[in-house]
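Asks: Provide a 3D model corresponding to the input given below.
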Amino acid sequence: MISTGKGKVTELKLHRENKEQGGKIRRRSGRSKLVLILSVVVVAYVVFSLGNQFKKLQAMQSNMESLQSQVQELKSRNAALREEIKQIKSDSYVEQVAREQLGLVKPGETLVVQAQSQQENNKKPQPVPAKENKPQGEGFNVKYKNIYD
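Replies: Modelled structure (predicted):
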């Protein structure tokens with residue numbers, strides 16, 4: 001308390017003014033604490049939301065990478081299947097299948113069937129081509145010749 005020489009009334013007024021200013025400061029500090037707490041809560045919410053979105057983004061990127069690798073694998077498989085289709089459509093493949101699986105022979109060729117043991121019963125007979133020069137493209141004829149005739 002500062003005395004200005006005017007008496008106790010002046011001192012009382014100054015004391016009251018100091019109390020009022022102190023009360024306002026305390027009120028402001030209470031408000032500032034509330035604002036600080038709300039700010040921390042908002043920042044924590046934003047950080048949590050961004051972290052959650054970042055995790056979702058990472059999961060989506062890894063999923064996209066796996067899908068891209070599957071696409072590349074399927075493209076290479078598709079190309080291999082296209083090549084196989086070209087091979088199957090060729091005349092040489094058709095001839096090979098007709099000889100191996102169906103047992104067909106060309107005119108002038110003789111199909112020789114070897115005696116098989118029980119273990120070899122699952123094998124298919126294979127034609128032995130004759131050494132004749134016939135033009136290719138003729139149809140296949142099924143000829144079985146008995147070796148005892």
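Asks: Check which element follows the lengthiest helix in the chain along the chain.
Replies: Secondary structure of the chain read by DSSP state H shows that its longest helix is helix 8-89. Going down the chain from helix 8-89, the next helix or strand is helix 91-100, by DSSP states H and E.
Asks: Could you give me the buried positions within that following helix?
Replies: By neighbour count on 16 or more other CB atoms under 10 Å, the buried set for helix 91-100 is Arg99. Just so you know, the C-beta spots here come from the backbone N, C-alpha and C atoms, and that holds for glycine as well.
Asks: Now it: average pLDDT?
Replies: Helix 91-100 shows a mean pLDDT of 86.
Asks: Just want the angle from it to helix 8-89.
Replies: 70 degrees (axes from the mean of the first three to the mean of the last three CA atoms, to 10 degrees).
Asks: Is Gln114 in a helix, a strand, or coil?
Replies: coil (DSSP: H, G, I helix; E, B strand; the rest coil).
Asks: got the contact list for Val46?
Replies: By CB atoms under 8 Å, 6 or more residues apart in numbering, Val46 lies in contact with nothing.
Asks: Against Asn63, how distant is it?
Replies: Per CB to CB, to the nearest Å, Val46 is found 26 Å from Asn63.
Asks: same deal with Phe54?
Replies: Distance from Phe54 to Asn63, by CB to CB: 15 Å.
Asks: ok, now Leu57?
Replies: Taken as CB to CB, the span from Leu57 to Asn63 is 11 Å.
Asks: With Gln70 instead?
Replies: Taken as CB to CB, the span from Gln70 to Asn63 is 11 Å.
Asks: same thing with Val71?
Replies: Counting by CB to CB - Val71 and Asn63 are separated by 13 Å.
Asks: now Ser32
Replies: Taken as CB to CB, the span from Ser32 to Asn63 is 47 Å.
Asks: Equivalent analysis for Leu74, please.
Replies: Per CB to CB, Leu74 is found 16 Å from Asn63.
Asks: Using the record's assignment, carve this protein into domains.
Replies: The chain breaks down by automatic domain parsing into domains covering 9-78, 90-149.
Asks: Out of these, name the one with the poorest average pLDDT.
Replies: Among the domains of the chain, domain 90-149 carries the lowest mean pLDDT (a mean of 67).
Asks: how about Leu111, phi and psi?
Replies: Main-chain dihedrals, Leu111, degrees, to the nearest 10: phi -90, psi 120.
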